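Chemist: Give me a model of this one.
(chains A, B, C and D)
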2 protein chains.
Amino acid sequence: MRSRIEDVAAAAGVSMKTVSRVLNNEPNVRDEMRQRVMAAVEKLQYRPNLSARSLAGQRSYVVALVYNNPSRNYLMEIQSGMLDACRDHHYNLVLAPVGSPKQRKAEDLKVVFEHFAPDGVVLIPPLTDDPAVLEFLEQHEVPYASIAPKHPEGRIGVMMDETAAVLELMAGLVAQGHRRIAHIKGPPAHGACQWRYKGYRDALKKAGLEYDADLVVQGAFSFESGIAAGDALLDLKQPPTAIFAANDDMAAGVIRAACERGLAVPRDISVCGFDDTPIARHIYPALTTVRQPTSEMGKLATLQLLARIRTADAGSMVHVEHEVLFRESTQAPKGR
Amino acid sequence: MRSRIEDVAAAAGVSMKTVSRVLNNEPNVRDEMRQRVMAAVEKLQYRPNLSARSLAGQRSYVVALVYNNPSRNYLMEIQSGMLDACRDHHYNLVLAPVGSPKQRKAEDLKVVFEHFAPDGVVLIPPLTDDPAVLEFLEQHEVPYASIAPKHPEGRIGVMMDETAAVLELMAGLVAQGHRRIAHIKGPPAHGACQWRYKGYRDALKKAGLEYDADLVVQGAFSFESGIAAGDALLDLKQPPTAIFAANDDMAAGVIRAACERGLAVPRDISVCGFDDTPIARHIYPALTTVRQPTSEMGKLATLQLLARIRTADAGSMVHVEHEVLFRESTQAPKGR
DNA sequence: CTGTTAGCGCTTTCAC
DNA sequence: GTGAAAGCGCTAACAG
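Modeler: Here you go, the predicted model:
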């Protein structure tokens, strides 16, 4: 049978409460006691019982990943980073998909909270900015960390300078000689998309190129929406020489659209995406894109959350570096 | 504050234990009592406290998904199916990646068990057949369901007739006129690969084609291994006219290898994969492949597991249907 | 068929 | 600084 706190107390010759104090890093324990307890814990291979702990105390040692319907790759990466952070801090991860069948986000959240009473949650786009979710969390006073929120002010979590990344990407296209560069926007609910769009406009201005509304179409982050957008752009009287899609899936759709009409990428049209998901490397030609350290972002967000759980005003909004990857799908335009 | 079982008992005018009986579907409760209790539960919005339940009882109402390093897409699908099943049965899912950094699978499992004491686990390839994991589970008498195990005898879970699927796929290639069909094998640790390989051999025999060892190369399920295998096959003095890769990622690698050397798919070489992961539809040309209902398999495996948790000899190995999808990456060979 | 009593293993008072 | 006792909300064993 598993050893209990009582056994550890007996082995160390102290009371249960002292053991509890040591385990929870509480003050008011002499160093010598601490050592004795640690030794006994080690010797008996003692691990606290989670259920008992959360029943008696107020903490559950669980954090939840709350999400709506992000890209599967993205979710996977975040999840894996969170698992890393959790493992290191003896925390545990539960998944909280919300609003799946009936769109009752707050209801779904409530169920998760009733079951697991997580000590905090990590939010990822496009849910990071969902009013219903935020309201629920504020109301229940649950600490949360946000990944790539639209409005980072006063939040803790992690984000990347997406605008700067796009600026860099666009500068590369301009350097290759592109003058007519189109943009496929992502869903507006997705905070990052507005930054990417801003980067696009800023880059045009910086390069002295005029903004042309015809060259900007709305996508939905899906492969299919990329095909539709690509078709629309390639049908223009004066088509662009390069297309910057707000994510890789849509960029893959554009490549499909181009191939279907006999155009070669990048010879006839340059294409680039964003995110560096696996598809970026797997399609032919390999996509020029922006890598964001997604898994690390999951980890960092979790660390900020754990800090805040421990101390009410700890944790901050941390920034991570991007990396622009020029690959095969972009080159100087033909006419040059 | 949340209502407790005591409140429900008071509201229904019965004892706590009766409420408990109703909630756990135990026998020996009059229908009238049951109704009264249910009404009170509804009225008070009562939800049992998980921690208290698992502390007092023997069940944790948690199932774990135990995995090693499957394809991310695959994992995602399984996970989503499991979440469905769990939600329907008031169970909860925890993730148990094992052997990640230091390859101590049993150790990692133990940690998960100490924290969550899951009532059962679902195993997915390539871990389904891992001796260390199976031994741990048997030893601790933990019910488990297996997805696509190498040796289904006596197991519960879910599997697909992979051999039949390959037979069907290969028959399609033969019907198109292919006579030199190559195969890229998946990692041997992965149970399904032996069934896919068997299907390949059986199909050759059935079509009256000779088995040629040069046409079979070993892959590792990765895109990169697909490139390498594709290069090897295309370098042959007498290259194949069609290549059947044991999964989609490797098939994508083959397409890359072909494109790099200026060959067109399917004009110069037909390629097909297995699994119908998103990449199959997203690359150009779209891959001929075999769809397996992965998400449903996650759900079904969980249902079998839950049945077994409830009753020691319930649950079985269920079979799901495949679907062969002929898309753009295969056509009749040139020479014909 | 139903209710009472005693814990599950831990943390929290509150004494010392 | 440390410890003893009293629950956290539920289920198990037993009594009715």
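
Chemist: show me what contacts the closest residue to residue A:267 other than its chain neighbours?
Modeler: Counting by C-beta to C-beta, 6 or more residues apart in numbering or on different chains, residue A:267 lies nearest to residue A:334, which is 6.8 Å off, once chain neighbours are set aside. Every residue, glycine included, has its C-beta placed from N, CA and C. By C-beta atoms under 8 Å, 6 or more residues apart in numbering or on different chains, the residues touching residue A:334 are A:241, A:267-268.

Chemist: how near is residue A:122 to residue A:136?
Modeler: Between residue A:122 and residue A:136 the distance is 15 Å, computed by C-beta to C-beta, to the nearest Å.

Chemist: Of the two, give the one with the bigger neighbour count.
Modeler: A count of neighbours by other C-beta atoms under 10 Å in any protein chain shown puts residue A:122 above the other of residue A:122 and residue A:136, at 30 against 21.

Chemist: Could you say which helix or strand holds the more buried one?
Modeler: Assigned by DSSP states H and E, residue A:122 belongs to strand A:120-123.

Chemist: what helix or strand does residue A:170 sit in?
Modeler: helix A:162-176.

Chemist: ok, which residues in the stretch 51-200 of chain A are in contact with chain B?
Modeler: Within reach of chain B by C-beta under 8 Å from any C-beta of the partner chain, the stretch 51-200 of chain A has these residues: A:51-52, A:54-55, A:60-61, A:72-73, A:75-76, A:79-80, A:83, A:92-95, A:97, A:111, A:114-117.

Chemist: and stretch A:152-159, average pLDDT?
Modeler: The average pLDDT within stretch A:152-159 is 96.

Chemist: what comes into contact with that stretch?
Modeler: With contact meaning C-beta under 8 Å, 6+ apart, stretch A:152-159 is reached by A:122-123, A:128, A:145-149, A:297, A:300-301, A:304-305, A:308, A:315-320.

Chemist: From these, which land in strands?
Modeler: A:122-123, A:145-147, A:317-320 (DSSP state E).

Chemist: Out of these, the closest to DNA strand D would be?
Modeler: residue A:122 (26.2 Å; C-beta to the nearest atom of the strand).

Chemist: Contacts only, for that closest one.
Modeler: A:63-66, A:78, A:82, A:144-147, A:157, A:298, A:301-302, A:305.

Chemist: One more: residue A:34?
Modeler: residue A:22.

Chemist: Do you know the pLDDT at it?
Modeler: On pLDDT, residue A:34 comes in at 90.

Chemist: mind listing the helices for the stretch 201-336 of chain A?
Modeler: Along the stretch 201-336 of chain A, counting by DSSP state H, counting those that start in this stretch, helices occupy A:223-234, A:248-260, A:278-282, A:294-310.

Chemist: The third one - contacts with which helices or strands?
Modeler: Applying 3 or more C-beta pairs under 8 Å, 6 or more residues apart in numbering or on different chains; DSSP states H and E, we find helix A:278-282 packed against helix A:248-260, helix B:223-234, helix B:248-260, helix B:278-282.

Chemist: if we can go back for a sec, what pLDDT, on average, does the helix holding residue A:170 get?
Modeler: Rounded mean pLDDT across helix A:162-176 is 97.

Chemist: which other residues reach it?
Modeler: The contact list for helix A:162-176 (C-beta under 8 Å, 6+ apart) reads A:148, A:181, A:192, A:195-196, A:198-200, A:202-204, A:206-207, A:209, A:242, A:244, A:270, A:272, A:274, A:288, A:290, A:292, A:322, A:324, A:326, A:330-333.

Chemist: Export the helix or strand of chain A with the lowest mean pLDDT to PDB, keeping only CA atoms.
Modeler: Lowest by mean pLDDT, DSSP states H and E among the helices and strands of chain A is helix A:105-116, with a mean of 83. The C-alpha coordinates for helix A:105-116 follow below in PDB (Å, rounded to 0.1, in the frame of the first residue of the first chain):
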ATOM      1  CA  LYS A 105     -19.000  28.000 -23.400                       C
ATOM      2  CA  ALA A 106     -19.700  29.100 -19.900                       C
ATOM      3  CA  GLU A 107     -21.700  26.000 -19.200                       C
ATOM      4  CA  ASP A 108     -18.900  23.800 -20.400                       C
ATOM      5  CA  LEU A 109     -16.400  25.700 -18.400                       C
ATOM      6  CA  LYS A 110     -18.600  25.200 -15.300                       C
ATOM      7  CA  VAL A 111     -18.700  21.500 -15.700                       C
ATOM      8  CA  VAL A 112     -14.900  21.400 -15.900                       C
ATOM      9  CA  PHE A 113     -14.600  23.500 -12.800                       C
ATOM     10  CA  GLU A 114     -17.100  21.400 -10.900                       C
ATOM     11  CA  HIS A 115     -15.100  18.300 -11.700                       C
ATOM     12  CA  PHE A 116     -11.600  19.400 -11.300                       C
END
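
Chemist: what comes up buried for it?
Modeler: Within helix A:105-116, the residues that count as buried by 16 or more other C-beta atoms under 10 Å in any protein chain shown are A:105, A:108-113, A:115-116.

Chemist: Kindly report the same for stretch A:194-213.
Modeler: The neighbour-count check on stretch A:194-213 (16+ other C-beta under 10 Å) flags A:195-197, A:199-200, A:203-204, A:207, A:209 as buried.

Chemist: now swap in stretch A:247-260 and tell me
Modeler: Counting neighbours by 16+ other C-beta under 10 Å, one finds that the buried residues in stretch A:247-260 are A:247-259.

Chemist: so how far is it from its chain's centroid?
Modeler: Centre-to-centre, stretch A:247-260 and its host chain are 23 Å apart (C-alpha atoms, centre = their mean, to the nearest Å).

Chemist: which residues make contact with it from outside it?
Modeler: Residues from elsewhere that reach stretch A:247-260, judged by C-beta under 8 Å, 6+ apart: A:71, A:184, A:186, A:219, A:221-231, A:233-234, A:243, A:245, A:264-265, A:268-269, A:271-277, A:279-280, A:283, A:285, A:287, A:289, A:329, B:282-284.

Chemist: now do stretch A:218-225
Modeler: Applying C-beta under 8 Å, 6+ apart, the external contacts of stretch A:218-225 come out as A:71, A:184-187, A:190, A:226, A:228-229, A:245-247, A:249-250, A:252-253, A:256, B:278, B:281-282.

Chemist: restrict those to contacts with DNA strand C.
Modeler: Restricting the contacts of stretch A:218-225 to those touching DNA strand C (C-beta under 7 Å from any atom of the strand) yields no residues.

Chemist: Would you mind giving me the PyMOL syntax to select the buried ones in these?
Modeler: Selection command for PyMOL covering only the buried members of those, criterion 16+ other C-beta under 10 Å:
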select buried, (chain A and resi 71+184+185+186+187+190+226+228+229+245+246+247+249+250+252+253+256) or (chain B and resi 278+281+282)
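
Chemist: element containing residue A:34?
Modeler: For residue A:34, the enclosing helix or strand under DSSP H and E is helix A:31-44.

Chemist: is DNA strand C contacted by that helix?
Modeler: No. Judged by C-beta under 7 Å from any atom of the strand, helix A:31-44 makes no contact with DNA strand C; its nearest approach is 10.3 Å.
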